[in-house]
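J.: Fold the following, please.
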Amino acid sequence: GVHFGGLRNPDRKAFVFSIAARGRILSAALSDGSLRLLDSETLQELATLCVSNEAPALATAISPTSPLLACSDRAGGVLLWDLRQLGR
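T.: Predicted coordinates for the structure are as follows:
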């Protein structure tokens, strides 16, 4: 399994609220409020995307036709990331 740690989750305990996949990218919105990107074959963590502490991540989706990742938060907002920019 995968144990998510980091500043938001030092005890490495979190529930997965939502997952989305496209190709080898797996996106997970976690109960610690973060949005994590994983390699779907190795489950290696690729990135942790910061979401506001006041409105943590609740759901995630990856566009099937463009390189966009979306995340909704508990305040009703939607954040978009361009997956091409994450590795830079």
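
J.: Tell me the pLDDT of Asn53.
T.: Looking at Asn53, its pLDDT is 65.

J.: Is the nearest residue to Val78 once chain neighbours are set aside in a helix, a strand, or coil?
T.: Nearest in space to Val78, with sequence neighbours left out and distances taken as C-beta to C-beta, 6 or more residues apart in numbering, is Ser72 at 5.2 Å. (C-beta placed from N, C-alpha, C; glycine too.) Assigned with DSSP: H, G, I helix; E, B strand; the rest coil, Ser72 falls in the strand class.

J.: gap between Ser72 and Leu79?
T.: The gap separating Ser72 from Leu79 is 8 Å, by C-beta to C-beta, to the nearest Å.

J.: what does Pro56 give?
T.: Taken as C-beta to C-beta, the span from Pro56 to Leu79 is 11 Å.
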